[in-house]
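*Asks:* quick one, what's the 3D model for this:
(4 chains)
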Protein chains: 2
Amino acid sequence: MAKADTPSSEDLLKLDSFLCFAIYSANHAFTRVYKPLLDDLELTYPQYLVMVVLWEKDDQTVGSLGEKLFLESSTLTPMLKRLEAMGYITRVRDRMDERQVRVRLTDTGRALRHRANAVPLGIAGATGMEPADLARLRAEIAALRASLLR
Amino acid sequence: MAKADTPSSEDLLKLDSFLCFAIYSANHAFTRVYKPLLDDLELTYPQYLVMVVLWEKDDQTVGSLGEKLFLESSTLTPMLKRLEAMGYITRVRDRMDERQVRVRLTDTGRALRHRANAVPLGIAGATGMEPADLARLRAEIAALRASLLR
DNA sequence: ATAAAATAAATCGTTCGCGATATAATCGCA
DNA sequence: TGCGATTATATCGCGAACGATTTATTTTAT
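*Replies:* A predicted model of the protein is given here:
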């Protein structure tokens, strides 16, 4: 199958598309594995990521969330409105700088964290990998992302 | 920062969300890096993946494409209609089994492959990684996906 | 031979995600 | 001071992506 020669650009077309595809399909796989666990919390996977960021640090601007999640306001604004409608967060213009919107957890949103603690255990189990391997892989992929966005 | 103790479920909430998030954001990063390269071909990133699969093996059913790409017909059908409208593929009911739709490259679609050969080189460069490392990482992520979907 | 089960795509409604653009507030500088 | 540039968020249109359902065809079992 694999030849010792320098791969032609035709071979590369396949080869390299595979790393991106591995990531693309692994991402879908994560979405699917998370779904049943998150259904209980009535959160989608991207919404869950927003909540994780807020559980770590409450009271952030839309821009700050976007920086951490690598998302644009055009993606976040509608998502945050849904989370607000569900009663998990509030969105309030900053008094000092009315351009900014401060996103804060409600008591319900904060309380959700306890129920969410069960989620990661389920995921870690689903990967079937050792914590150390997971950490190493995570770091490598994060480095890859950083290179890509450079 | 890191303690030697067994991580609590609260710590895990952060830790484990990171592998999924690393993948999630790396996937977005790939989409962004591909975009300018694919704009010339008038393909989106998912459409490009479909074309890659067809360049490898022409004349496949919707189901076969879905198996390889891990996508449902509800995702593929509209995408394939767009590729058909662009003149890159044809969609024809199979005479032998009218339930199936056979997807075939047009001459234009086949010809596109040559122009697409430039794409992977650009991506490989953007990762800044050695081919061997890329291959290893790809394999690890593919294994992870397989575990998740088990 | 035909009714029931299974299979393959397509359709529908919802959520994400982006780029381009709009709106509104603040900043900087003449 | 006040006006142009910058910044923060929101809006819009489009293309994925999924689950649930529908339609059409084929297979199977009776």
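
*Asks:* does the helix or strand where A:Ala139 lies reach chain B?
*Replies:* Element membership for A:Ala139, per DSSP states H and E: helix A:131-149. Yes: for helix A:131-149, a contact with chain B is found by CB under 8 Å from any CB of the partner chain, at A:131, A:134-135, A:137-138, A:140-142, A:144-145, A:147-149. C-beta here means a position set from N, CA and C on the backbone, and glycine is covered the same way.

*Asks:* before we move on, what about stretch A:117-130?
*Replies:* Yes: contact of stretch A:117-130 with chain B (CB under 8 Å from any CB) involves A:Asn117, A:Ala118, A:Val119, A:Pro120, A:Leu121, A:Ile123, A:Ala124, A:Ala126, A:Thr127, A:Gly128, A:Met129.

*Asks:* any quick ChimeraX command for the buried ones out of those residues?
*Replies:* In ChimeraX, this line selects whichever of those come out buried by 16 or more other CB atoms under 10 Å in any protein chain shown:
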select /A:119,120,123,124,126,127,129
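
*Asks:* wait, which of the residues of stretch A:117-130 next to chain B is closest to B:Gly66?
*Replies:* A:Ala126 (22.3 Å; CB to CB).

*Asks:* nearest residue to the closest one in space, please, no chain neighbours.
*Replies:* The shortest distance from A:Ala126 to any non-neighbouring residue, by CB to CB, 6 or more residues apart in numbering or on different chains, is to A:Val33 (5.1 Å).

*Asks:* go on, A:Lys35?
*Replies:* Per CB to CB, 6+ apart, closest to A:Lys35 is A:Tyr45, 7.1 Å.

*Asks:* what about that neighbour, how many neighbours?
*Replies:* 17 (other CB atoms under 10 Å in any protein chain shown).

*Asks:* got the contact list for it?
*Replies:* A:Phe30, A:Thr31, A:Tyr34, A:Lys35, A:Leu38 (CB atoms under 8 Å, 6 or more residues apart in numbering or on different chains).

*Asks:* isn't the third one right up against A:Ile123?
*Replies:* In other words, A:Tyr34. Yes: A:Tyr34 is in contact with A:Ile123 according to CB atoms under 8 Å; the separation is 6.8 Å.

*Asks:* find the residues that touch each one of those two.
*Replies:* B:Cys20.

*Asks:* now the helices for chain A?
*Replies:* Under the criterion DSSP state H, chain A contains helices at A:9-39, A:45-56, A:62-69, A:73-85, A:107-116, A:118-127, A:131-149.

*Asks:* buried set for stretch A:91-103?
*Replies:* Buried-residue list, stretch A:91-103, by 16+ other CB under 10 Å: A:Gln100, A:Val101, A:Arg102, A:Val103.
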